[in-house]
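Engineer: This is a predicted model, with the sequence first.
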Amino acid sequence: MARPAATPSMIGPVGVVKVAVVVIATILTGFTLYALRRMLEPFVLALFLLIMVDGVARLLSARVPGFPKAAATPFAITLIVLGFALTIWITADNAAALAAQSATYTDHINAFLSRGAQRLGLNVTPTLAGLIEKLNPSRFAGVLAEAVSHFAEAAVFVLIYLGFLVASRRGFAAKASQLFLDADDYAEARRLFLRVRRGVEQYIWIQTLVGLLITALSAVLMTLTGLSHIPFWCLIIFLANYIPAVGAAIGVLFPALFGLVEVDGATRAVVLLVGLEAIHFLVSHVVQPRMQGKSLNLDPLVVLLALAFWSAMWGVTGAFLSTPLTVLAMAILAEFPGTRPLAVLLSGDGRPDADMAD
């Protein structure tokens, strides 16, 4: 019996080799990103901070009448550094206040556990001290110390990288013109750079505005329910909003759980929990989609998978940068015929190289 003739749709040896090369390259890239995470994390953070600095500087020059163009970048850098300093000060100040009131919170937790044990009919009432003893927190002391040390080290390197990036940004245009001597290649590279920059800037601005809205509404609710340390909880809610998909939902849980041990009566604690989650749901599912539109052009499932992937690679840093890094990857993959199918899969509408909406 004669064998069927080969058709153009069948995958030949060359196609198999191409697929194998793409798979191997992807694995090697992932291994490299994980192996060099200590060096790449602060550099990538500094790079995205540079994009924020550049965006703020251009906004000041364009929207503030008479603002000196030469002072825009230094002012933007100062503004971002002051934001970091304010974050550190609020965290340290409220951590000290929480530690000073730990005895009061311990009594509230023990009373909460006692009421729960009575309702469940338990013979032995658990206490916070007993739970802590069973958890044996000394096991996590080394992990916590390493995390704090890594955070401090990364913060220093981020500032150092940011300083050198700002100092060397003036030569970027000259280097690009020498790298792409052909006018068409230079125009294509510039178009790709502007697309990536606009996508990242739109993501940062939208997340910032949405975070401010959720934080402001949450502050009003926390004030009405009598919760303390509101600036600290607002800071947590605002920063958690930069983690896509789940960040805002997790951020509003912290003050709600704290309300269970601080606010007298379960009614106000439940109102706080339900109210904060309702605020997050309405803003994230009603307001944010209208603001965002199709600016990112990423599939929602891809956003969630990217969050899982970059969190496994770079931890909390990867969670914050997962969406901007995916936007960057999609824009680059769309430029090459061999990797364009991957960019199509990442996109939301199947057109990864379509112009982004203003």
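Structural biologist: Noted; the coordinates are in hand. Predicted model only: the values in this text are computed from it and were never measured.
Engineer: Okay, the residue nearest the centre of the chain and Val21: tell me how far apart.
Structural biologist: Centre of the chain computed as the mean C-alpha position; nearest residue by C-alpha atoms, centre = their mean is Phe320, 1.9 Å away. In this view, Phe320 and Val21 are 32 Å apart by C-beta to C-beta, to the nearest Å. To be clear about C-beta, it is placed using only N, CA and C from the backbone, and glycine gets the same treatment.
Engineer: Next: Leu239.
Structural biologist: For Leu239, the distance to Val21 - C-beta to C-beta - is 40 Å.
Engineer: Over to Asp349?
Structural biologist: 28 Å.
Engineer: ranges for the strands of this structure?
Structural biologist: Counting by DSSP state E, the chain forms no strands at all.
Engineer: how does this protein divide into domains?
Structural biologist: 40-120+127-179, 188-293, 294-358 (automatic domain parsing).
Engineer: Tell me which stretches of the stretch 151-300 of the chain form helices.
Structural biologist: For the stretch 151-300 of the chain, helices defined by DSSP state H, counting those that start in this stretch occupy the ranges 172-179, 183-224, 230-240, 247-251, 253-262, 266-282, 288-292, 300-333.
Engineer: Of all these, which one is nearest Phe43?
Structural biologist: The minimum distance between Phe43 and the helices of the stretch 151-300 of the chain falls on helix 300-333, with 10.9 Å, by C-beta to C-beta.
Engineer: Can you spell out which helices and strands pack onto the closest one?
Structural biologist: helix 13-35, helix 37-63, helix 183-224, helix 340-346 (3 or more C-beta pairs under 8 Å, 6 or more residues apart in numbering; DSSP states H and E).
Engineer: Now tabulate those helices in CSV and tack on mean neighbour count and mean pLDDT.
Structural biologist: Formatted as CSV, the helices and strands packed on helix 300-333 follow (neighbours: other C-beta atoms under 10 Å; pLDDT from 0 to 100):
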stretch, mean neighbour count, mean pLDDT
helix 13-35, 11, 76
helix 37-63, 17, 84
helix 183-224, 17, 84
helix 340-346, 17, 82
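Engineer: Turn these into a markdown table, columns for distance to Ile88.
Structural biologist: Shown next, in a markdown table, are the helices and strands packed on helix 300-333 (distance: least, C-beta to C-beta, whole Å):
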| stretch | distance to Ile88 |
| --- | --- |
| helix 13-35 | 28 |
| helix 37-63 | 16 |
| helix 183-224 | 18 |
| helix 340-346 | 36 |
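Engineer: Excluding chain neighbours, what is closest to Gln323?
Structural biologist: In this structure residue 323 is Thr, not Gln. Pro244 (4.8 Å; C-beta to C-beta, 6 or more residues apart in numbering).
Engineer: ok, the one you found touching Val303?
Structural biologist: Yes: taking C-beta atoms under 8 Å as the definition, Pro244 is a contact partner of Val303 at 5.3 Å.
Engineer: overlap in contacts of these two?
Structural biologist: Any residue near both Pro244 and Val303 by C-beta atoms under 8 Å, 6 or more residues apart in numbering counts here, and that gives Ser322, Thr323.
Engineer: Tell me which of the two has more neighbours.
Structural biologist: More neighbours surround Pro244 than the other of Pro244 and Val303, with 22 against 17 (other C-beta atoms under 10 Å).
Engineer: For that one, grab phi and psi.
Structural biologist: For Pro244, the backbone dihedrals are phi -70, psi 160 (criterion: degrees, to the nearest 10).
Engineer: Leu60 versus that one, what's the distance?
Structural biologist: 28 Å.
Engineer: for Ala176, same thing?
Structural biologist: 25 Å.
Engineer: just Val286 next, same as before
Structural biologist: Where Leu60 is concerned, Val286 sits at a distance of 31 Å (C-beta to C-beta).
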